[in-house]
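Asker: the amino acid sequence is not available; the structure is as follows:
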Ligand SMILES: [Mn+2]
Ligand SMILES: [Mn+2]
């Protein structure tokens, strides 16, 4: 309903409504997991045991942080509440949710205590028990093997340690088999997961559209962040960010992970700035991860248009090629080739394309990876399966999916082109050989451009979830407030 | 500028502008700290060493959380950036900020690296060094004693452990003296701190006013949270919450700490609900903590007015009494007495006031404490000095300031009155004796009321920082959109 009035006079573009959460999504994931174990060599009467996270506070104070569930546990059980665990009988697929036994005083401070029956119904599990009953339940079950989760995240290199539980030392524990299996299953999204991710992407897309219409010189970068969050929470039920928002204007757009506490989206934007807004809301623990680049005054300069369309060409070309079987690092290389070709066409570079590819010249302008799997984590798991190749070259080392595309994968496609002082300086020799320094120097302080879509790999191609203005024409219309619904976007 | 248009058509009430941060506030705190040590038995050539916090990520992923500095360190150095430390020469007061030596690759991903001179100027310290220089700097200084911070938070009971630093085992460390001294100093606010807290309170007050005007039946509680955050961030430069927001409508208003992940402000509000909005933004790590209670349809019923004015009487009476020398738990008791008196006047209670005080009947209706110190932590430190009395009675046990009021203290005054099913049930015997159960039962499911101001103890009374509608008349005008500036509030 474009033009109608929402909270406090804020125009409601939002034709997009957040869909209801279907908890059977997690039931299905548990079934997939059990099935995957059936094809392995697993003794009968064995269980898979998973444990969720706990609340944390700021340092030693009583100021609690927002609780957010650990993603592997959430994938299987869908419960975004602290101190829960769960297990699955591999023979029968029967699932049990283990919930904390809460004291009566909980009702004064925290809220109603659910009955076990209520937990069971809401989370669609076969049984719910209190944590105080877990030790006995396991003794009674006497499982042959308990499969627990332990493994290293391939992006952070950090360990998720095998959980502790009552009597854990008395059982035969296998903490190795589960991790790669769930990581792989998480990398292939189900129909229900896809529905949620698609809807969330539309919510986040609409918020980006609202930001484009609202942003203007003289505002602080953080006002865009504030509006985006308001939109996705008030209209999209997204309380959390999928990641720390990047609202980078002018020269800040050349800082890839701008927006953190040390560089907190605090610049006042100026006429003539190009802005890179990399923001995505989170819902039911699923991420969105969208980047829009646009001129803050609503009109591209010739140079801005040139760099923007360079990146857009890379984005379009990659998305056209994407389908099952395509090796993702090859797409990264293709994006590099296109960026080199366009920068040469525009007179920034002068060298031979193949020579520049050999010397990895494109990485000076795009030192990050082309994209990453996305799901319950914004940099989702499963992207570097065992045996996948390492590539230490700048840019290539940050390609977080080192595998062939598979049907059901959801990933970002996010080429960029930046003029990063420190890289331009440390690569002077290479640039002297391949660039027209007079032209290149015109772009010092320009910032950069990133165009990031979230896409689903389908049977024979992709579906692009992200619905934001992408052509120069559409962006200028959006900045002028002439696009009032994501359904109006032509591209 | 009431009526003018801000971000995306959102009306800008905000006459309140966020003030500039004066970093000399922390310089002054360091001077206060050094001075406090001079009056103690401290060997010459000793230093105070403090260490800030580090960034953290979600579980084992690379998804970073917003960084927020540890409050003790921040109080002394004002630097909201990760991995910094600092030390102060007690003899000279000379302060040194220790910053991480960042690799060149930082410039690609995170932003410009400051020079030591830039750190020194911005944070108004006497010197800045890299962490890689710390070991040598300490060897050269060869301090007699290094005073480090270690102690238990009196609210969470959690330990802040003495920090590790290069060569720490080779020095004489005193980790006991510092904690109570800084905790006490933090409890007395300086003029500069007061200016910031006052301004922040006005920003949060204005956001509450905007929420009152915007809220209506059919909205979700979370829309109020989203609007409040948008307001305080876009117009007040507050990126973080001081605590998890409580937007509790209808029966939820009887849950004191509603709003967490297990009860996440998700109810759709109904005509006839009373709403308890306990929300406060944080700026430069300082907290605000304000609660407004109002009817979501904009008009109080007789019963709502009765309970609301009961709490307002307690709030007004306590604030009238507050001044240096007043023992805060006595104010808690006074609030209880007023609540009992009013509930008796309204026919809910029938017993003798003194007998009901002896039986702690008021705690059934207000099981929380009357207020707490507020500053860099929302439940600020210093409220239970060594030797302060313990009182295990319901309500009294939650009074977080067990001391006389002192000039410069900032605290909340937050009486409430709730109808909490679990307490009404577990106190049936007492209520059979003292209450008219027919009248009391009328209030089952009513929810509750809390009125929370933030106040400064002055030389001979208090200054109330919070500027929100408080009388029934003003609240109804605010809900009708008839108050467009906090300057228009009569009370
Ligand atoms: Mn991304
Ligand atoms: Mn409070």
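Answerer: Yep, that arrived. Computed from a predicted model, the values in this text were never measured in an experiment. Ligands and ions are numbered 1, 2, ... in the order given.
Asker: any chance you could map the helices in the stretch 151-300 of chain A?
Answerer: A:178-187, A:191-214, A:221-234 (DSSP state H, counting those that start in this stretch).
Asker: on the three-state scheme, the residue of the stretch 301-450 of chain A found nearest ligand 1 is what?
Answerer: The minimum distance from the stretch 301-450 of chain A to ligand 1, using C-beta to the ion, falls at residue A:412 (4.4 Å). Yep, even glycine has a C-beta here, placed from its N, CA and C like the rest. Following DSSP: H, G, I helix; E, B strand; the rest coil, residue A:412 is assigned to strand.
Asker: columns distance to residue B:75 and mean pLDDT on top of the helices of the stretch 151-300 of chain A, output as a markdown table?
Answerer: Formatted as a markdown table, those follow (distance: least, C-beta to C-beta, whole Å; pLDDT from 0 to 100):
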| stretch | distance to residue B:75 | mean pLDDT |
| --- | --- | --- |
| helix A:178-187 | 43 | 97 |
| helix A:191-214 | 36 | 96 |
| helix A:221-234 | 24 | 95 |
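Asker: out of those helices, deepest packed?
Answerer: Mean neighbours per residue, mean count of other C-beta atoms under 10 Å in any protein chain shown, is largest over the helices of the stretch 151-300 of chain A for helix A:221-234, with a mean of 26.
Asker: how distant is that helix from the center of its chain?
Answerer: The chain centroid and the centroid of helix A:221-234 are separated by 18 Å, computed with C-alpha atoms, centre = their mean, to the nearest Å.
Asker: quick one, that helix and helix B:191-214 angle?
Answerer: Taking axes from the mean of the first three to the mean of the last three C-alpha atoms, to 10 degrees, one finds helix A:221-234 and helix B:191-214 inclined to each other by 40 degrees.
Asker: burial check on the closest residue to ligand 1 within the stretch 151-300 of chain A, number of neighbours?
Answerer: Of all residues in the stretch 151-300 of chain A, residue A:289 sits closest to ligand 1, at 4.2 Å by C-beta to the ion. Residues lying near residue A:289 (other C-beta atoms under 10 Å in any protein chain shown) number 26.
Asker: how about the one 5 residues further on?
Answerer: Other residues near residue A:294 come to 27 when the count uses other C-beta under 10 Å.
Asker: not counting sequence-adjacent ones, nearest residue to it?
Answerer: residue A:475 (4.9 Å; C-beta to C-beta, 6 or more residues apart in numbering or on different chains).
Asker: how many other residues sit next to that neighbour?
Answerer: That count, for residue A:475 with other C-beta under 10 Å as the rule, works out to 23.
Asker: quick one: average pLDDT of the strand or helix carrying it?
Answerer: Take DSSP states H and E as the rule and residue A:475 turns out to sit in helix A:472-479. Throughout helix A:472-479, pLDDT has a mean value of 96.
Asker: which residues touch it?
Answerer: Residues from elsewhere that reach helix A:472-479, judged by C-beta atoms under 8 Å, 6 or more residues apart in numbering or on different chains: A:209, A:212-213, A:215, A:292, A:294-295, A:297-300, A:305, A:308-309, A:469, A:483, A:489-491.
Asker: re earlier: okay, the residue nearest to residue A:294 and chain B: tell me how far apart.
Answerer: Plainly put, residue A:475 is 17 Å away from chain B if you go by C-beta to the nearest C-beta, to the nearest Å.
Asker: was I right to think residue A:66 contacts residue A:239?
Answerer: Yes. With contacts counted by C-beta atoms under 8 Å, residue A:66 reaches residue A:239, the gap being 7.4 Å.
Asker: neighbour count winner among these two?
Answerer: residue A:239 (21 against 17).
Asker: wait, isn't the more buried one in contact with residue B:259?
Answerer: No. Residue A:239 is beyond contact range of residue B:259, at 10.2 Å (criterion: C-beta under 8 Å).
Asker: got any residues that touch both of those two?
Answerer: Joint contacts of residue A:239 and residue B:259 (C-beta under 8 Å, 6+ apart) do not exist.
Asker: name the nearest residue to residue A:196, sequence neighbours excluded.
Answerer: residue A:286 is the one closest to residue A:196 (C-beta to C-beta, 6+ apart), at 5.7 Å.
Asker: can you check residue A:106 too?
Answerer: The nearest residue in space to residue A:106 (C-beta to C-beta, 6+ apart) is residue A:113, at 5.8 Å.
Asker: would you say that neighbour is within a strand?
Answerer: No. Assigned with three-state DSSP, residue A:113 falls outside any strand and is coil.
Asker: and for it, the neighbour number?
Answerer: 16.
Asker: what does residue A:257 give?
Answerer: 18.
Asker: try residue A:382
Answerer: 21.
Asker: from what I see, it and residue A:187 are in contact.
Answerer: Yes. Between residue A:382 and residue A:187 a contact is recorded at 3.0 Å, counting by C-beta under 8 Å.
Asker: that older thread, could you measure from the residue of the stretch 301-450 of chain A closest to ligand 1 over to residue A:278?
Answerer: Using C-beta to C-beta, to the nearest Å, residue A:412 is found at 10 Å from residue A:278.
Asker: so residue A:31 touches residue A:94, yeah?
Answerer: No. At 11.1 Å, residue A:31 does not count as touching residue A:94 under the criterion of C-beta under 8 Å.
Asker: quick one, what contacts residue A:122?
Answerer: A:23, A:114.
Asker: how many neighbours does the closest residue to residue A:305 other than its chain neighbours have?
Answerer: Leaving aside its sequence neighbours, residue A:305 sits nearest to residue A:472 (C-beta to C-beta, 6+ apart; 5.6 Å). The local packing of residue A:472 (other C-beta under 10 Å) involves 17 other residues.
Asker: and residue A:472, how far from residue A:303?
Answerer: Counting by C-beta to C-beta, the gap from residue A:472 to residue A:303 is 13 Å.
Asker: can you check residue A:207 too?
Answerer: For residue A:207 relative to residue A:303 (C-beta to C-beta), the value is 28 Å.
Asker: list residues touching both of residue A:382 and residue A:187?
Answerer: residue A:373.
Asker: how far away is the residue nearest the centre of chain A from ligand 2?
Answerer: In chain A, the centroid-proximal residue (C-alpha atoms, centre = their mean) is residue A:378; its distance is 2.3 Å. Per C-beta to the ion, to the nearest Å, residue A:378 is found 33 Å from ligand 2.
Asker: isn't that residue up against residue A:280?
Answerer: Yes. Residue A:378 is within contact range of residue A:280, at 6.9 Å (criterion: C-beta under 8 Å).
Asker: please enumerate the shared neighbours of these two.
Answerer: By C-beta under 8 Å, 6+ apart, residue A:378 and residue A:280 have these common neighbours: A:242, A:243, A:287, A:289.
Asker: quick one, what contacts the first one?
Answerer: When you say that, I think you mean residue A:242. Neighbour list for residue A:242: A:280, A:281, A:282, A:287, A:288, A:289, A:378, B:63 [criterion: C-beta under 8 Å, 6+ apart].
Asker: how about low-confidence regions in the stretch 51-200 of chain A?
Answerer: For the stretch 51-200 of chain A, no stretch has pLDDT under 70.
Asker: and the strands in it?
Answerer: Taking DSSP state E, counting those that start in this stretch as the test, the strands found in the stretch 51-200 of chain A are A:85-89, A:95-99, A:127-130, A:146-147, A:151-152, A:159-160, A:173-174.
Asker: sorry, back to before: buried residues, the helix holding residue A:475. List them.
Answerer: Using 16 or more other C-beta atoms under 10 Å in any protein chain shown as the burial criterion, the residues of helix A:472-479 that qualify are A:472, A:474, A:475, A:476, A:477, A:478, A:479.
Asker: the residue in the stretch 101-250 of chain A that ligand 2 sits nearest to: what's it in contact with?
Answerer: Nearest to ligand 2 in the stretch 101-250 of chain A, going by C-beta to the ion, is residue A:109, at a distance of 12.8 Å. Contact analysis of residue A:109 by C-beta under 8 Å, 6+ apart lists B:255, B:256, B:257.
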